[in-house]
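Undergrad: Fold the following.
(chains A, B, C and D)
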Amino acid sequence: MSFPLLTATAAVPAIGAIVTAAVPAARRSAAKWLALLFSLATLVLAVVVGVRFDPGGDRYQLTESHAWIADFGVRYELGVDGIGVALIGLTALLIPFVILAGWHDADPEETGSKRWRPTQGFFALILMVEAMVVLSFEATDVFLFYILFEAMLIPMYFLIGGFGDRAHAGSDEKAAAQRSYAAVKFLLYNLVGGLIMLAAVIGLYVVAGNFSLQEIAAARASGELNMATNTERLLFLGFFFAFAVKAPLWPLHTWLPNAMGEATAPVAVLITAVVDKVGTFAMLRFCLGLFPEASKWATPAILVLALISIVYGALLAVGQRDIKRLIAYASISHFGFIIMGIFAMTSQGQSGATLYMVNHGISTAALMLVAGFLISRRGSRLIADFGGVQKVAPVLAGTFLVGSLATLSLPGLAPFVSEFLVLVGTFARYPVIGIIATFGIVLAALYTLVLYQRTMTGPVKLEVAKMPDLRVRELVVVAPLIALLIFLGVYPKPVTDLVNPAVGHTLSDVQKKDPKPEVEAAK
Amino acid sequence: MSASAVHSLWTTAAPIDKIDAPTIEYAQLMPTLIVIGAAVVGILVEAFVGRKARYYAQMFVTVVALVSAFAAVIGLAAGGHASSEAQIVAMGAIAVDGPALFLQGTILLTGLVAVFTFAERRLDPEAHGNRVDSFAAQAASVPGSDSEKAAIKAGFTTTEVFPLALFAIGGMLVFPAANDLLTLFIALEVFSLPLYLLCALARRKRLMSQEAAVKYFLLGAFSSAFLLFGVALVYGYAGTVTYAGIADVVDGTVQNIDPALADTMGNDALLLVGGAMILMGLLFKVGAVPFHMWTPDVYQGAPTPVTGFMAAATKVAAFGALLRLLYVVLPGLRWDWRPVMWGVAIVTMLIGAIVAITQTDIKRLLAYSSIAHAGFLLAGVVAATPSGISSVLFYLGAYSFVTVGAFAVVTLVRDAGGEATHLSKWAGLGRRSPLVAAVFAVFLLAFAGIPLTSGFSGKFAVFKAAAEGGAGALVVIGVISSAIAAFFYIRVIVLMFFSEPKAEGPTVAVPSPLTMTAIGVGVAVTLVLGVAPQYFLDLAGQAGVFVR
Amino acid sequence: MSPVNYLYLAALLFAIGATGVLIRRNAIVVFMCIELMLNACNLTLVTFSRMHGNLDGQIIAFFTMVVAAAEVVVGLAIIVSLFRSRHSASVDDASLMKL
Amino acid sequence: MENLIALLVAAPLLGAAVLLCGGRRLDRGGHWIGTLLAVVSFAVGVLLFTDMLGKDPEHRAMHQALFSWIPVEGFQADVAFQLDQLSMTFVLLITGVGSLIHVYSIGYMEHDERRRRFFGYLNLFLAAMLLLVIADNYLLLYVGWEGVGLASYLLIGFWQHKPSAATAAKKAFLVNRVGDMGLSIAIMLMFTTFGTFAFGPVLESTSETSEGMLTAIGLMLLLAACGKSAQVPLQSWLGDAMEGPTPVSALIHAATMVTAGVYLITRSGAIFNGAPDAQLAVVIVGAVTLLFGAIVGCAKDDIKKALAGSTMSQIGYMILAAGLGPIGYAFAIMHLVTHGFFKAGLFLGAGSVMHGMNDEVDMRKYGGLRKYMPVTFVTFGLGYLAIIGFPGLSGFWSKDKIIEAAFAYDDGIRGWIFGGVALLGAGITAFYMTRVMIMTFFGEKRWQPDAEGNEPHPHESPRSMTIPMIVLAFGSVFAGGLFSLNESFVKWLEPVTQFEHPHPVISVPAITASTVVVLLLGAALAYVMYGRKEVPVTAPRGSLLTRAARRDLLQDDFNHVVLVRGGEHLTRSLVYVDHTMVDGAVNGTAAGFGGLSGRLRKVQNGFARSYAVSMFGGTAILIAATLLMRAV
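TA: Just a heads-up that it's a prediction; the model follows:
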């Protein structure tokens, strides 16, 4: 019995959450430091996982398996493939920055009753989310995954609804109302998705008799388990619906702008950069892994939806007046790319999609966190309230620009690599869709540059004249992210090496081969 | 036996040489006997023990009775009566088998926890230096009258609630074990009548309490009349009231039908109509649509501890009886009753969830939620498979503790007028006392069936059973309605945590260890069954076989 | 005459009782209607007992009477207390709780 | 020696990194670092050049592979450089002119407190541009391609406090993005066709795919070229780009970046050679832009905008030449280089003038400046003679060849058309450049005190500015002749671009003669219109064409109405749709359940008897249903 590394990676933040929550009200800062400490510990463990993982080895490594609920055919089964490792790394990497960035977000204005400890709660919840997300990336048991997939909604829900953005338009009551509306919307949307999935999960059990990803896959391969076409399709749709809500895919996206708009910037990052990735990850692992035929059957429709998300999200981003909502719609567009890459079913597309998850996480984190700093300074989220910031706070403006450039996937920055891979991968099999999707890059330039121009350039607005530049803590948050963006833009090999074999497995799940280039095909 | 011969039965005093005394297996009946006996003792206590001491005496008797009864259940189960030794006792009147024992155990534990909340006397400020509980000082005195004031001043307390509760529990123990229709009917009445009374005994808001009692009583009696008529008809059909006997006739194993009885004996119309009426009586007790309408009013009006007790224990008992009836008596009629129960389950789930959305009183909200849950349970019942039985058993176990716990929390949130049950009063509770709010949130999440709570395990179990039983559509509808249901559970959570506390908001009373135990047990069971349900699933699984 | 007629009579009584429950306001009367229904059940039971030629039905009838008596005790207690506090025994007046 | 190639990019990149991340402490010496690194890069270029000259023409291409960039199944993108004659030409041009302009900027940006950042951006541009020309595959080229776009975005918008500058920068980037789209689609096509996008494999195996595919790729590349090189229909950004500091206009928007399109087409010669239709498209674009730019140039009173128009037109020449295939590539590049010299010189001259005139750009407020700034006058004048193709100077050699090649497009109507257009263009060029020359340096002074009443005191610019101008002036005078000595330049490029002698529809001397005549006519006309009579300080209303030309032939207005307005409407309506329909559907469902709930609630009316009714009815239904089940 070797050391349960994967369990530990998820357990550390969970313990951290409990410890942090237990800190007495007076010791606010202690809670913060504890949270940071635990998140860093998690990062270390994640790195260890990355080191111990051998890309060339078995599909699932570091596996653990224990009996759990025999009656439901449920086992506590963990295991990671390259994709999982990459995403665990992303999660573990981002959380410390999220915590740092949100350092003061949960300081209570008035110290209410002795028992009311928002700060402790805030950081505990963040760690709880991290634990669940990490574990969901590790779960190779459908039921276990489902449970986490649903359970992580609760802490997220409290993070969104309980700790709104201080910078809001209008009165506190109005803001509180909007916030709880956003939180409820988030929860209900995802809950409905999850419950639909529950039906499918039960159906899967009835069909397959257990929940182990490997066993089911093996059974399918050996042909002792063959689902009726319609059953498979229904089950697939049940799963996909939930993931599409989470991802989010048009037209199930409307919860995201509200949630990201009302939540504090760090929480918004948590939503879009970490939690939503579970959705796309699950498409890759469960939809394709469990229902290959149905996946192929649904591909055209899904690609069209993804395409709509790309263009639609970008266009709406152009039309936004609220910085954070703009970023939210941009994310919708980007998720469109990810999903498109997954269902293009080419190794470029899927490697690109996986890479995209990582890069989008980092770039959005950078952009959103800087935006958060900006907003907290001005006390407003409206683009119109800014102008000429670049003159008074050049560093802030510079980092914001880099974030924007990453968002429009400028070559040399990480997102370009993934976006281009996705485009090429899609184009190779679906040229028309690939070409239309390429319009996305123009629109991306439009909304990011408009945002930058309106906020940062032009004559200095009176309200921002006194705006201080980035503080040390904030620099510590942003600088590494930017460095990472550049590094992965120039040298993505470490990630791609991790991902490629896993993608190969996924493709073999669906029995798809990359289309041959015309010239070779001719030979 | 010919008709004329029958006639001689009561025309001529035929010499009846001997009536052999019935054989009663006291050991197997021990749990019931203990409880009923204790109830009788309780009445004697009322009669002979001094006022001051009664409370403690009653507490003692009740708790001892319930604990020992539970011990007896465990003993029986350990003795294999739940599985291999399962048998029918008391001349075929009562079955001692897995489901019976499992449900009896559940009822006893729930009852015990509920009794703790009955005995809570720290929530209200002391009246004239006397501790007061949730029950009227003197049920007979008119609300607001001098006699009532006098009663309060004198520090009267209605300690009768304990024996009443015991009687009710006694009846509930028999109900799921009843193996003939007569016993079924009697047990029903035995546990209903005390509940009618308990509903009327609220200390605050007595008018509502009495109204609840009247409604509950009238409607309950009405339904039991139907049940009885159903019994009569089925008797007419089968010529016997023992489940086994009826089942034989239903299965057509009895061939020798007296020509004189041709038009009744084996007349399926009688069977179907009668069966439907009996079903109606049971569905009334479980609060299934369209027999649910008493539930919200009664839940709201009754003293909250009683509500919790009713909501939990009654459901357990009633579903037990329902299961036995459907699986032992009417399996031959599966193709007749299943579609009907399908319909009932669907409307129950949907109506319960939908109407709950717009509720403004926490107790009514929970009432409707309990209706929705009845629907989910029915989905498991419809499965008509062994796993269906065990899943329902498990669900009942999980659900009952959550319910008692939730209502126990409701008793804590109080203002000048007693419990502050209007939702608006709960605004910002999370700020004022995070712990209570958090606990209640846990219960709500369990009701909503969020993973890692007992609610999810239960829901998954019944839906899984239903799906295996080929009721996929039912599962989908169940899923949809639980999505709807999620909406109002979340509404409460939003209210507690995300809205600013009101200035003149309610206070949260600090309860005695009694209520704390009730709540604590609730939380513990919720989480344990949520995270590691395997052991209890096994239990329910082994218990999932009826004896015939 | 055939005992079946008794069944029809019983059914009729039962129906009358049920209708009474549905249409009468006074709680006492409603309650009496319920008693009527119970008695209808008794008649049915006895008749069937006669037809089947075994005693179960009659036994049940006795039990039913006892139960009915018990119900009277409990029911009257509740109704009376309600009447005393409201000075009305109309079931329709007792509608504080609704919706 | 190969290993030095990376240094070309590394040096300026380092400079950019240092200057941009360095912070305030570098404010004082930053510009020196920047200039130094630019010069270093130039030195490396020269070193490699000499080394290259040492080898025999066929084996001059050098190659350096650094690391595998994006290793994904079936997809190889490496960071590797290829330095052949074509690339080398660009390297020298870029680093050379670049260094000069760094030097020039030291003086020009002296009083700007953000000078450090300016030099950082310049270095960034150099790095990107060099990467563009030495990349050995299209994807890496794409990186440089967008890199220069970024640099130009930053530099156009360098004075961000001016909304006009910020807008111009954004516009430039967006229009370029449209072009980039073409490039990325082209790359995808290559990938699906050849399974790779490295120059070598792609260009060698063009014969193995259909002409249709080649045409598609070619057209996409053309789209890219149009974006970067400001060719119709994507030319609109170049005029606004003049918002940037003048050195930027000189380096990026005259000498180097805007010529990237020409490089791309020449580099992809093999593809175009296989796709005549694509080539025709290229030629048409070139010809149209050639005239378009020239006409616009005639109408502008803003000296920089006039030069911008001219740039457009000159690049039109190059694109046209590149479209002609092997007969044109070499001349396209040659004109590109000479143009690099004289246009940069002209811009620097303009900058020098503005420097002396309080940044006044309206030529109508100049006049008679030759007295005040002789050096500027002389260098500008030489540049002027070069661009109009005055016999003997650079422009003459390069442009004349292009006109010949155009006449040789094919021995039929096409040759006449495009040859004629090129010839006409030469005349217009002479006209508008003469106009600029006269309005700026001749006639009487026309400037008045501005609002604050401080009158500009024209003066010669400091050394740091004049020296680069002089150097460039030398270039503009002699480069062309040098290149044409027994076709040295053509021979130099031949291994890369191949070369066929053009066979024009009319004899070469005739073409040369007519060119000279045409340009003399143009110049004379300009003299008549602006030299003989006084230039009005406020622009006359002018003819319809003039007014249209002042507004870039209404191209912007078209864009505004169709794209901008249309886009705004689209987004606004989509926002509405998203809110009311997509989101509304969801909220609607919720509200629907709420309403249903409210209605069902009413049933619970509190009357025990109605409850009894429902029970009774329920029982009835139950019984009925059971019986029914049996019946069916």
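Undergrad: need the longest helix for the chain.
TA: Let's take chain A. Once chain A is assigned using DSSP state H, the helix that runs over the most residues is helix A:172-208.
Undergrad: um, chain D though
TA: In chain D, with assignment by DSSP H, the single longest helix is helix D:163-194.
Undergrad: Enumerate the positions of it that are buried.
TA: Residues of helix D:163-194 classed as buried by neighbour count (16 or more other C-beta atoms under 10 Å in any protein chain shown): D:165-194. To be clear about C-beta, it is placed using only N, CA and C from the backbone, and glycine gets the same treatment.
Undergrad: Now do the helices in the stretch 151-300 of chain B.
TA: B:161-174, B:181-199, B:206-238, B:243-251, B:268-286, B:294-301 (DSSP state H, counting those that start in this stretch).
Undergrad: For the strand or helix carrying residue D:400, what does the pLDDT average out to?
TA: For residue D:400, the host element (DSSP states H and E) is helix D:394-407. Average pLDDT, helix D:394-407: 90.
Undergrad: which strands and helices sit next to it?
TA: If you count contacts as 3 or more C-beta pairs under 8 Å, 6 or more residues apart in numbering or on different chains; DSSP states H and E, helix D:394-407 packs onto helix D:303-323, helix D:329-356, helix D:374-387, helix D:413-441, helix D:463-484, helix D:508-526.
Undergrad: List the buried residues for that helix?
TA: Neighbour-count burial for helix D:394-407 flags D:394-407 (criterion: 16+ other C-beta under 10 Å).
Undergrad: Restricting to C-alpha, output the helix or strand that the longest helix of chain D is followed by in PDB.
TA: Going down the chain from helix D:163-194, the next helix or strand is helix D:199-204, by DSSP H and E. The C-alpha atoms that make up helix D:199-204 are tabulated as PDB, following Å, rounded to 0.1, in the frame of the first residue of the first chain:
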ATOM      1  CA  PHE D 199       8.900  26.800 -45.800                       C
ATOM      2  CA  GLY D 200      11.100  24.000 -47.200                       C
ATOM      3  CA  PRO D 201       8.600  21.200 -47.400                       C
ATOM      4  CA  VAL D 202       5.600  23.300 -48.400                       C
ATOM      5  CA  LEU D 203       7.300  25.300 -51.100                       C
ATOM      6  CA  GLU D 204       9.000  22.200 -52.600                       C
END
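Undergrad: close to chain A, is helix D:199-204?
TA: No - judged by C-beta under 8 Å from any C-beta of the partner chain, helix D:199-204 and chain A are separated, with a smallest distance of 9.0 Å.
Undergrad: Not counting its neighbours along the chain, what's nearest residue 74?
TA: In the absence of a named chain, this looks at chain A. Distance criterion C-beta to C-beta, 6 or more residues apart in numbering or on different chains; nearest residue to residue A:74, sequence neighbours excluded, is residue A:143 at 4.3 Å.
Undergrad: my bad, the chain I had in mind was chain D
TA: Take residue D:74 and drop its neighbours on the chain: the residue closest to it by C-beta to C-beta, 6+ apart is residue A:514, 5.1 Å away.
Undergrad: didn't residue D:358 look like it was pressed against residue D:456?
TA: Yes - counting by C-beta atoms under 8 Å, residue D:358 does reach residue D:456; the two are 4.6 Å apart.
Undergrad: So those two - more neighbours on which side?
TA: Between residue D:358 and residue D:456, counted using other C-beta atoms under 10 Å in any protein chain shown, residue D:456 has the larger neighbour count: 19 against 13.
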